[in-house]
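> following is a predicted model, sequence given first.
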Amino acid sequence: MSGWWNRSSAGEPLALLSAWQWWLRAAVFVIVAVVVLTARGDRWTGIAELAIASAALIVWWASDRLPARWGGRSLFACLVGLTAVGGFAATSHHDTSVLALAIVAMLAAGVDLPLTGVLVAFLAGVLAIEIGAVSYTDTDLGTVLGYPALLAGLALVGRYRRAYRVQTEQAQALLAETRRAQSEAEHAAALDERSRIAREIHDVLAHSLGALGIQLQAAEAMLSERQDIDRALHSLASARRLVEEGLTETRRAVRALRHDTPPLPDALTTLLHDRPGTLSVSGEPYPLGPAAGLALLRVAQEALTNVTKHANGNPPTVALVYTDVAVELRVENALPSSMAAEHPHTAGGYGLAGMHERLRLIDGELQAGRVGSRWIVQARVTR
């Protein structure tokens, strides 16, 4: 019963017949047997026909439990035999009830046998009908033509049901494949989101916490080694400012994770608020995709944080250029004379690696390095 319910919920109209088919076949055989055994005429012929039919039904039932090689052959032989017995008995002595066995067999052949098997079963049934009609000379023309037509119609019904079953199985397989692909896509999206959150955590917290640690170490050194309270207080004030900036950047990052980032010029203006530096925008601004806008914003944030750490107060200049094909971001600052040989950025680390990773994800370009006495970070994203 549970099997029928599952098939019925899948939308198969013949699910009831599929689940109870052997009970129906047994009921048909019992009815035919009762009619044959209670009818007048040659009872021994009817018993012989019933014996052949019962043997065929038993082998048919067992064919599902045999190995595939023998099961298919047994099924074919049983269906051909039942069709032939039913057709012959229905015309040879007007025992029309036995035709029900041929009907059941022909319908099953259309469903379970390949096309060649269906044709063989049909031809066997027609041949048996015609032989029975010849042996019983009183058979009318309607029976001789009607019974084969009935078998042909049953074969077509069986083939239609077979095609419907194959289509249903294919649809279920496609649905399973679609669900599997959807699950994989959701997993990939989750991994992408994890990577995005990891980048946000680094961009927002790593700089603030790193700089905060340096200021706290400096304050500790001033108090423990030099007893320089003024410089220690200055370091603590710088640490407090870094904490405030970190909180501001954290709120901005959370807002970016929940919603789309604001237009890039506005975001850069906010980023430069309370920081030394200037921003210039060239060209007609146009909206960027969330990933591209956030990548350029994080590159600017990384570059400005490094300026704060290493430029000894030299103010940076930020230039944003919109063209028809791309958006370019340029952050540059003068290098202190003590860093003319090498800028600390060149040591690498997660900052530059994060910049490159962000730009690679959106097919962008990044260049960072010393040009003369200035340090330049330049990012480019195609439109």
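It's in.

> can you get me a residue count around Gly289?
Neighbour count of Gly289, defined by other C-beta atoms under 10 Å: 12. (Glycine included, C-beta is placed from N, CA and C.)

> which one is it nearest to, not counting chain neighbours?
The spatially closest residue to Gly289, leaving aside those adjacent along the chain, is Ile362, at 7.6 Å (C-beta to C-beta, 6 or more residues apart in numbering).

> ok, that neighbour - contacts?
289, 291-292, 295, 381 (C-beta atoms under 8 Å, 6 or more residues apart in numbering).

> Produce a ChimeraX select command limited to the buried residues of these.
In ChimeraX syntax, the buried subset of the contacts of Ile362 is picked out as below (16 or more other C-beta atoms under 10 Å):
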select :291,292,295,381
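
> inside strands: which ones of the contacts of Ile362?
Cross-referencing the contacts of Ile362 against strands under DSSP state E gives Val381.

> what about the contacts of Ile362, which are in helices?
Here DSSP state H is the test, and those give 291-292, 295 as lying in helices.

> now, which of those sits nearest Met222?
Ala295 (39.2 Å; C-beta to C-beta).

> following the strand or helix carrying Thr168 in sequence, what is the next regular element?
Using DSSP states H and E, Thr168 sits in helix 141-201. Using DSSP H and E, the helix or strand that directly follows helix 141-201 along the chain is helix 207-221.

> now that following helix: average pLDDT?
Mean pLDDT, helix 207-221: 74.

> circling back to that earlier point, counting by contacts, list what the helix holding Thr168 packs against.
For helix 141-201, the packing partners by 3 or more C-beta pairs under 8 Å, 6 or more residues apart in numbering; DSSP states H and E come out as helix 68-92, helix 99-112, helix 115-135, helix 229-258, helix 350-361.

> tell me which of those helices lies nearest to Arg159.
The nearest among these, by C-beta to C-beta, is helix 99-112 at 4.8 Å.

> now do that closest one against helix 141-201, angle only.
30 degrees (axes from the mean of the first three to the mean of the last three C-alpha atoms, to 10 degrees).

> give me the contact list for helix 99-112.
Outside helix 99-112, the residues that touch it by C-beta under 8 Å, 6+ apart are 25, 28-29, 31-32, 53, 75, 78-80, 82-87, 89-90, 117-118, 121-122, 125, 147, 150-151, 154-162, 165.

> okay, the angle between it and helix 115-135?
If you take the same axes, to 10 degrees, helix 99-112 sits at 160 degrees to helix 115-135.

> helix 99-112: which residues count as buried?
Those would be 99-112, for helix 99-112 by 16+ other C-beta under 10 Å.

> pLDDT and distance to Ile214 added to those residues, as JSON lines?
Below are these laid out as JSON lines (pLDDT from 0 to 100; distance: C-beta to C-beta, whole Å):
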{"residue": "Leu99", "pLDDT": "81", "distance to Ile214": "98"}
{"residue": "Ala100", "pLDDT": "84", "distance to Ile214": "95"}
{"residue": "Leu101", "pLDDT": "84", "distance to Ile214": "94"}
{"residue": "Ala102", "pLDDT": "85", "distance to Ile214": "95"}
{"residue": "Ile103", "pLDDT": "85", "distance to Ile214": "92"}
{"residue": "Val104", "pLDDT": "87", "distance to Ile214": "89"}
{"residue": "Ala105", "pLDDT": "86", "distance to Ile214": "90"}
{"residue": "Met106", "pLDDT": "87", "distance to Ile214": "89"}
{"residue": "Leu107", "pLDDT": "86", "distance to Ile214": "86"}
{"residue": "Ala108", "pLDDT": "85", "distance to Ile214": "84"}
{"residue": "Ala109", "pLDDT": "86", "distance to Ile214": "86"}
{"residue": "Gly110", "pLDDT": "86", "distance to Ile214": "83"}
{"residue": "Val111", "pLDDT": "85", "distance to Ile214": "79"}
{"residue": "Asp112", "pLDDT": "84", "distance to Ile214": "80"}
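
> for Val243, state which of these is nearest.
Val243 lies nearest to Val111 out of the buried residues of helix 99-112, by C-beta to C-beta, at 75.8 Å.

> and Val327, that's in a strand?
Yes - under DSSP: H, G, I helix; E, B strand; the rest coil, Val327 sits within a strand.

> among the contacts of helix 99-112, name the buried ones.
The neighbour-count criterion (16+ other C-beta under 10 Å) marks 25, 28-29, 32, 53, 75, 78-80, 82-87, 89-90, 117-118, 121-122, 125, 147, 150-151, 154-155, 158-159, 161-162 among these as buried.

> and Leu272, backbone torsions?
With angles defined as degrees, to the nearest 10, Leu272 sits at phi -90, psi 0.

> on the three-state scheme, the residue nearest to it when sequence neighbours are not counted is what?
Using C-beta to C-beta, 6+ apart and skipping the chain neighbours, the partner closest in space to Leu272 is Leu279 (5.7 Å). Here Leu279 is strand, with the state taken from three-state DSSP.

> next secondary structure after the helix or strand bottoming out on mean pLDDT in the chain?
Across the helices and strands of the chain, mean pLDDT, DSSP states H and E gives its lowest value to helix 2-9, namely a mean of 41. With elements assigned by DSSP H and E, the helix or strand that comes after helix 2-9 is helix 15-38.

> tell me what angle that next one forms with helix 68-92.
Here the directions of helix 15-38 and helix 68-92 differ by 50 degrees (the same axes, to 10 degrees).

> going forward, count from 15.
Fine by me, first position is 15 from now on; the one you just mentioned is helix 29-52.

> the closest residue in space to Gly100 that isn't next to it in sequence and Leu366, how far apart?
Among residues not flanking Gly100 along the chain, Ala116 sits closest, at 2.7 Å (C-beta to C-beta, 6+ apart). Distance of Ala116 to Leu366, computed by C-beta to C-beta, to the nearest Å: 83 Å.

> thank you, goodbye.
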